[in-house]
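Sequence and predicted structure, then a few things I'm wondering about:
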Amino acid sequence: MNNLQQFTQLPFPHHAYGIESSHSIYVELEEIIPKEDFSYIVHRQYDSFKIDDARTIKSLQFEKTEKATLFVLEFTLINREAQNALLKVLEEPTSQTYFILVFPNVKKLLPTLQSRLQVVQYTTNHKDDLRISAQSFAEMNLQKRFECIKEITDKKTDTTVTKSEALHFLNDCEIYFYSKKNTKILPVIFQARESLNANGASVKMILEMIAIHI
């Protein structure tokens with residue numbers, strides 16, 4: 001059930017929201033948000049939200065406006081330092097400032113940051129948006145898997161897989177291999193997800209690790 005209807009009119013019941021989703025939901029939000037009631041809406045997408053990004057948001061929210069302002073921040077990864085910086089922003093919001101944070105897993109956020117968010121239940125099915133499914137990847141031989149990884153991580157093209165897409169793929173792998181009762185690979189998938197959060201993490205190397213262990 002998608003509980004986004006609370007965003008159809010101002011004032012919103014709460015000043016900061018968290019929505020779990022591995023994909024952007026801004027199109028859905030844009031359709032229902034009363035844009036005419038805001039002085040401006042800031043929408044940003046990050047593979048990895050960093051402390052400098054939190055500082056930028058903090059400075060932007062202090063700009064004087066006649067109407068309300070809204071920040072829609074969608075990120076795949078966020079480290080502890082960035083979370084603490086973002087927490088300070090949420091703890092001291094300016095008047096008529098609202099935040100909607102979109103992330104894959106609320107459990108990956110610090111408890112202190114979670115406590116500042118009103119978590120909104122949202123469900124969607126983006127199965128068809130996967131660059132490659134876990135099942136088709138598993139059915140390839142090792143050489144084909146490496147060829148596939150090389151193709152989708154080639155930085156010379158405009159279609160290089162993002163960390164968000166890699167995370168979506170890893171989530172699909174978890175579901176697929178669990179359904180196949182192949183639980184031995186699950187710790188590798190969990191480790192791969194953690195590795196994605198590291199600064200400078202190589203998506204290519206992470207996917208190759210999965211390819212080898214299948």
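That came through fine. Numbers count the residues shown, from 1 in each chain.

CA atoms for contacts and neighbours, from now on please.
OK.

name the helices or strands packed onto the helix or strand where Cys173 lies?
Taking DSSP states H and E as the criterion, the element that holds Cys173 is helix 163-179. Of the remaining helices and strands, those touching helix 163-179 by 3 or more CA pairs under 8 Å, 6 or more residues apart in numbering; DSSP states H and E are strand 68-78, helix 134-139, helix 186-196, helix 203-213.

Would you mind listing the buried residues in that helix?
By neighbour count, with 16 or more other CA atoms under 10 Å as the criterion, the buried positions of helix 163-179 are 163-174, 176-177.

Rank the residues you listed by pLDDT and give me only the lowest.
Ranked by pLDDT, the buried residues of helix 163-179 bottom out at Ser164, which has 74.

what's near enough to touch that one?
For Ser164, the set of contacting residues under the criterion of CA atoms under 8 Å, 6 or more residues apart in numbering consists of 22-23, 47, 76.

cutoff 6 Å now
With contacts taken as CA atoms under 6 Å, 6 or more residues apart in numbering, Ser164 has the following neighbours: Thr76.

and the gap between the most centrally placed residue in the chain and Ala82?
Most central in the chain under CA atoms, centre = their mean is Thr76, positioned 3.0 Å from the mean C-alpha point. According to CA to CA, to the nearest Å, Thr76 stands 13 Å off from Ala82.

residues near the nearest residue to Thr153 once chain neighbours are set aside, how many?
Taking CA to CA, 6 or more residues apart in numbering, and ignoring the residues beside it in sequence, Thr153 has Thr160 as its nearest neighbour in space, at 4.9 Å. Thr160 is surrounded by 16 other residues when neighbours are defined as other CA atoms under 10 Å.
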